[in-house]
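**Student:** Any chance you can model this:
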Amino acid sequence: MADVIIPIVTLIVGLIIGFFVGVFYLRKQLEKMQNNPDMLKEMAKKMGYNVNNQQMNQMQKMMKNKKFR
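**Tutor:** Sure thing, here's the model as predicted:
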């Protein structure tokens with residue numbers, strides 16, 4: 001009986017911990033992008049968008065209005 005329950009509990013606990021670590025990491029990355037326009041521009045290029053300075057300023061303004069904490 002314990003041979004089945006322990007792996008299942010371990011899996012569930014691992015998934016929960018992994019989820020919270022992932023959320024923490026994503027929040028940190030978004031906070032970095034708020035303060036670093038080069039990082040934001042690089043992300044936009046990787047997504048296939050070519051942004052000009054006006055669009056970049058608008059994206060930064062939108063991100064600063066949104067709190068990721």
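
**Student:** From now on I want contacts and neighbour counts done on CA atoms only, so please keep to that.
**Tutor:** Fine.

**Student:** The least confident helix or strand in the chain by mean pLDDT packs against which elements?
**Tutor:** In the chain, no helix or strand scores lower on mean pLDDT, DSSP states H and E than helix 53-65, which sits at a mean of 80. Counting contacts by 3 or more Cα pairs under 8 Å, 6 or more residues apart in numbering; DSSP states H and E, helix 53-65 packs against helix 2-35, helix 37-46.

**Student:** show me the contacts for Arg51.
**Tutor:** No, residue 51 isn't Arg; it's Val. Counting by Cα atoms under 8 Å, 6 or more residues apart in numbering, Val51 makes contact with Lys41, Ala44, Lys45.

**Student:** How much space separates it from Leu26?
**Tutor:** 23 Å (Cα to Cα, to the nearest Å).

**Student:** Any figure for the gap between Pro7 and Val21?
**Tutor:** Applying Cα to Cα, the value for Pro7 to Val21 is 21 Å.

**Student:** Buried among the contacts of Val51? Need that as a selection in PyMOL.
**Tutor:** In PyMOL syntax, the buried subset of those is picked out as below (16 or more other Cα atoms under 10 Å):
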select buried, resi 41
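
**Student:** Ala2: which of the contacts of Val51 is nearest?
**Tutor:** Within those, the smallest distance to Ala2 is 49.4 Å, found for Ala44 (Cα to Cα).

**Student:** wait, isn't the closest one in contact with Asn50?
**Tutor:** Yes - Ala44 lies in contact with Asn50 (Cα atoms under 8 Å); the separation is 7.0 Å.
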